[in-house]
Structures are given as C-alpha cells and as structure tokens.
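Asker: this one's sequence-less:
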C-alpha cells in the first residue's frame, strides 16, 4: 500500500452514477483519491456538486480538490447525457446543451487542470466519447456531433501535450448498462442485442477497466480511442 | 494493484516469446499467474532460459508450417490441458524495395505473420470451444495501418492481420471467444536491427530518427506493448471486440 501522502489524485466528472461511478470506484480501489463533480452527491473522497458547463463551478471544484487532496494527476471526463431526436426536430437549445455538456464539460475541466499538469510535467486525461461518434446513428446527430468533437479534441490535445509528459486518450463505449439508458430504450431490446457480436450491453465496469488501463498502464498510449462497444462498430 | 486479470487455469500460448515484445509479454503474464507455453520457431537455449525464468513449457514450432503448429498444439493440450488464451506475436521481417524483394522471402514474411495467425487460431479453437471461452490477442503493427516504404510484405501481412482481427472478432464473440489486436509503434526490440541495417545506421541512431516523429518523444519499450496485450487478454473484458489498440506514442491516431 502507498501512504496517503503519495496517493495520486483524480477528478472524475459525472461520478455519481453509471460509468462515472464505476470509474471513481475503480480508481479509489487502486489507491487514488478521487474528487467527483456531478449535479448530485457522488461516492468519492470529495464530492463536489456542480454543473460541468459552469466554468466557475468547475474551477472551484478543481481548486477544492487540489487544496484538500493534492495536485491533480488524472482527469476522467464522463459527465454526459443521451437523448434521441430526429435532426430536423433538434432545437437550438437541445443542440447547444449537448455540445456544452459533452465538449464543454471536458474542456472546462481540462482548462482548470492542465496548467498544473504542465507545471509538473505529468498527468493523464481520459475523455469518455461514444461508439456513436465513430459509427453514427439514426436520431443521434447532436449526440454524435458532440461525442465526435471530443475525439477530435482528444487527438489534437494529445499531440500537443505528449512532448510535455501528459497523455490524453479516450474511451468510446457502446450501449452500456447504465441509468443513461432508459429501461424502455431500444438499445436494451433482445432484437438489437442479437445484432452485437458480444450479444449484450457493455458494463460500466468494463469501461472503467479500460479507463484504468489508460491511466495506469498505457504509458505509450497517446491520442487513442478505445472501443468498448460489444462489437457494435468494428 | 489493479493490473489485468488474466487466465490462470488453462494454458496461455505466446508465439515468438523468446525475445523482444514476446519475451516481455511472457514476463508480464507470468507475473499475473498465467500458465505459459513459450513458442519460438525452434527449440533453443533462449527458449530454455525463458521457460526457466517464467515457468511453463517450451513449445517450438514454425508458425508458418501447419503441420508443426498442429503437432505443437496437440502436444500442449495433451500435456498441459486446453489453451484458453492465445497471443499471436511471432513475426518475421525483411525489407527491400518492392521489385528487389526476392519472391520466396516476400512470401515467407506473409506466411509467417498472416498465415501463422490463421494456423494458430484454427488449431486452438477446439480448445477454446471446449472451454466455452477464450481470449485471442494478435500483434499487428502500425506499419500495417499506415504502410511503409520498402516494407510491402511486412505491411501487407500486418494489414491483413487487422482485417483478420476485425473479422474473427465478429465471428467468434458470440461463442465467448474474444479477439482483439494491438498495433505497436516503433519498439526497442532486436527487430529494429533490421531497420537500422536497411538504413545503414546504428540501432540507437535509428531509434533517435524514429523518435523525432513520435509525440511522446521516444520509442516504446517492450513492456509497454506487453501491458496493452495483458489489457486485451483481461478475463473481465468481454465488450471489447475486434478492436486494434494503437500503442505508438501518438505517432498514428485514429486510422483503425
């Protein structure tokens, strides 16, 4: 066991449920101290309640985490939501909210944490994207655009900061058994699952295992997008 | 510690496991408690030394030779039980301008790297089917993703593996046999001597030349590739199917 003083510190957005909660639990079990940022209380070492689209709230949370837990070594951006809307019916507000939560949530937490990582020449950032960013999907235009933007951002930032010792990567889950997927979602129907090579949804723990690999073991993995999608897009 | 959870019951067969990336994979899997079969083209003092170091058994066979692969797998199953994890790592590389590459040697590259994987997967499938589960990790290369001058045979073989990985991923996942691949970037292994020789420079010089194009600023160490292989062989992971993990320091992004 490492002593508390040497334990690394991670920030996980969307840590209250689903993939974020699994990531937070996985990181904590491997010795990280985790600050969670979510709209509601999260089971973390430091639960910060706030909206990732709110720059001030994210900056405050990062400042608190740094003060109470220590310098931030790892950021995992998970906060997000899903809705299906035919493209011509997507309102300006729906479009903007989708981009602000997914791309804005990621960039807000990166802006707040990257300077410290650059100063210490170390750090890892993992952004959760989606299989829909790679393969697209019917009535998923605004979600896919936002998640696709994350991949473009990740690959570019990765090249920019890799020479400075910071690794940036992404995990792109397919349909996952989390609260984000409604109980009556078409993605839960047997007919759909039978089209997947793995014949089942991914579990949040599998996504967390991929995140954990990127953070702890992927020392030469830079700008990569790991697909945990049951074979939905190959 | 939260490393990969690997198969410790059935046998893990690693090809080309006496040096370079294969040796690093063997060490990594041994640390996680895997029961290993260490393959190389022929029995050798290096194979004996690796078996002594990591445990398990030696399993010599030229993967390009179907009969040898068949005998190796049959003998392993008989003596050590079923093979639940297969790591196709053995590779052969020579470089030459396309029209200068002797045709027999050109095909030897393809038949070792691509046909070798075909032989191995076909031969271990009965084992995995009997177990009702399996993990297969195939080592491709970033040259198979982006191509490389004077490496037509090698790049063709490794690109063929990319398509094989994707297709076998789709075909075998319904049976609980999970196939994924890894595409290492430039890695500090004896294979770099081939590149260095082709360029007429020393190994350290060629590493420095390659590092200039790698955002991470250096080439990979074999244990960094082994970490990726272990992740892909993790028994807890069943929802990663037909993927190619790129471990290249950021040199190539998003082409598979």
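Answerer: Yep, it's here. Quick caveat: nothing in here was measured; it's all calculated off a predicted structure.

Asker: quick one: the longest helix seen in chain A to chain centroid distance?
Answerer: Counting residues, the longest helix in chain A under DSSP state H turns out to be helix A:141-161. Relative to the mean C-alpha coordinate of its chain, helix A:141-161 is positioned 12 Å out (C-alpha atoms, centre = their mean, to the nearest Å).

Asker: and whichever helix or strand comes after it, what other elements does it pack with?
Answerer: Counting by DSSP states H and E, the next helix or strand C-terminal to helix A:141-161 is strand A:166-173. Helices and strands touching strand A:166-173, by 3 or more C-beta pairs under 8 Å, 6 or more residues apart in numbering or on different chains; DSSP states H and E, are helix A:105-120, strand A:123-128, helix A:131-135, helix A:141-161, helix A:204-212, strand A:225-228. The C-beta positions use only the backbone N, C-alpha and C, and glycine is treated the same way.

Asker: can you pull the contacts of the residue nearest the centre of chain A?
Answerer: Centroid-nearest residue in chain A: residue A:78, 2.6 Å away (criterion: C-alpha atoms, centre = their mean). Residues counted as contacts of residue A:78 (C-beta atoms under 8 Å, 6 or more residues apart in numbering or on different chains) are A:12, A:13, A:14, A:15, A:18, A:19, A:20, A:23, A:128.

Asker: still on that earlier bit, got TSV for the helices and strands packed on strand A:166-173, with distance to residue B:224 and mean pLDDT too?
Answerer: Listed next are the helices and strands packed on strand A:166-173 as TSV, based on distance: least, C-beta to C-beta, whole Å; pLDDT from 0 to 100:
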stretch	distance to residue B:224	mean pLDDT
helix A:105-120	20	97
strand A:123-128	14	98
helix A:131-135	25	94
helix A:141-161	16	95
helix A:204-212	16	98
strand A:225-228	15	97
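
Asker: nearest to residue B:231, of those?
Answerer: helix A:204-212 (7.7 Å; C-beta to C-beta).

Asker: residue B:116 in helix, strand or coil?
Answerer: Three-state call for residue B:116 (DSSP: H, G, I helix; E, B strand; the rest coil): helix.

Asker: quick one: residues contacting the residue nearest to it when sequence neighbours are not counted.
Answerer: Excluding its sequence neighbours, the residue lying closest to residue B:116 (C-beta to C-beta, 6 or more residues apart in numbering or on different chains) is residue B:63, at 3.2 Å. Residue B:63 is in contact with B:15, B:16, B:39, B:41, B:69, B:88, B:90, B:112, B:116, B:117, B:119, B:120, counting by C-beta under 8 Å, 6+ apart.

Asker: chain A versus residue B:63, what's the distance?
Answerer: The gap separating residue B:63 from chain A is 25 Å, by C-beta to the nearest C-beta, to the nearest Å.

Asker: what confidence value was assigned to that residue?
Answerer: In this model, residue B:63 is scored at 98, pLDDT.

Asker: for chain A, which spans come out with low pLDDT?
Answerer: A:1-6 (pLDDT under 70).

Asker: residue numbers of chain B in contact with chain A?
Answerer: B:1-4, B:166, B:169-171, B:173-174, B:178, B:185, B:215-217, B:220-221, B:224-225, B:227-228, B:230-231, B:234, B:236-243, B:245-250, B:253-254 (C-beta under 8 Å from any C-beta of the partner chain).

Asker: what residues sit buried inside the helix or strand hosting residue B:110?
Answerer: Using DSSP H and E, residue B:110 sits in helix B:103-131. For helix B:103-131, the neighbour count (16 or more other C-beta atoms under 10 Å in any protein chain shown) marks B:106, B:109-121, B:123-125, B:127-128, B:131 as buried.

Asker: again, but for stretch B:65-75
Answerer: B:65, B:66, B:68, B:69, B:72, B:73.
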